[in-house]
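K.L.:
need coordinates for the following:
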Amino acid sequence: MPRPEGPGYPRRRPDDWTAFARFADDDGRRVGRLELPRSAESYRAWAQEQAVAECDDDRFRLAVETTATGELVGAVGSHRTGRWSGWFECDVMIGAGHRRKGYAAEAVVLLLRFMFAERRYHKCLAAVLAHNEASLALFRRLGFTEEGRLREHVFFAGGHHDLVMMGVLADEFDRRHTMSGP
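P.N.:
This is a model prediction of the structure:
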């Protein structure tokens, strides 16, 4: 669940860098967002910067922690917003040792409730690499529909890969999850 601190926005802490570095090392499959390899010092500097960064409009990344122990297990975020036309793009990343435990689904649902009910967005998009079956299944379970496929759109690991665009409208989400919560 997103970390409960700050004025409505869970923040990443400077010491979170070790967890994010571990998540990157664990994820040799590179099924999520594509990031260049980083050194420990680069992760340390990035985490320090993120811990004090101001929220840029409705674009932000939130830490995802376990409720039982407070262990950092991943991040969920909103990026690329079309405020005037009512859309935003989201993503979620959960460390390899914490996947398939419901953290990603819970984090995305909480993010969507906030963005749809509080910020009044109309649509959420998610860009998923076509070979990432687990993420495609997650977004389908949450009510997203495949809206398009950008063929051979992303280049990494020596080849081009399709990118699947998934989308959900606020009223579709509300019918499945309700805006007000459980």
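K.L.:
show me where the chain has strands.
P.N.:
Under the criterion DSSP state E, strands of the chain are mapped to 60-65, 72-82, 87-94, 123-129, 145-156, 159-169.
K.L.:
elements contacting the longest one?
P.N.:
Where contact means 3 or more Cβ pairs under 8 Å, 6 or more residues apart in numbering; DSSP states H and E, strand 145-156 is packed against strand 159-169. In this view, the C-beta of every residue, glycine as well, is placed from N, C-alpha and C.
K.L.:
buried ones in the strand it packs on?
P.N.:
His161, Leu163, Val164, Met165, Met166, Gly167, Val168, Leu169 (16 or more other Cβ atoms under 10 Å).
K.L.:
I'd like the strands of the chain written out as CSV, with mean pLDDT and distance to His177 added.
P.N.:
Converted to CSV, those look like this (pLDDT from 0 to 100; distance: least, Cβ to Cβ, whole Å):
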stretch, mean pLDDT, distance to His177
strand 60-65, 86, 17
strand 72-82, 89, 15
strand 87-94, 94, 14
strand 123-129, 96, 12
strand 145-156, 94, 15
strand 159-169, 96, 10
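K.L.:
closest to Phe114 out of those strands?
P.N.:
strand 72-82 (8.7 Å; Cβ to Cβ).
K.L.:
could you give the angle of that closest one to strand 123-129?
P.N.:
If you take axes from the mean of the first three to the mean of the last three Cα atoms, to 10 degrees, strand 72-82 sits at 120 degrees to strand 123-129.
K.L.:
report all helices and strands that strand 72-82 contacts.
P.N.:
Using 3+ Cβ pairs under 8 Å, 6+ apart, the elements in contact with strand 72-82 are helix 17-26, strand 60-65, strand 87-94, helix 103-113.
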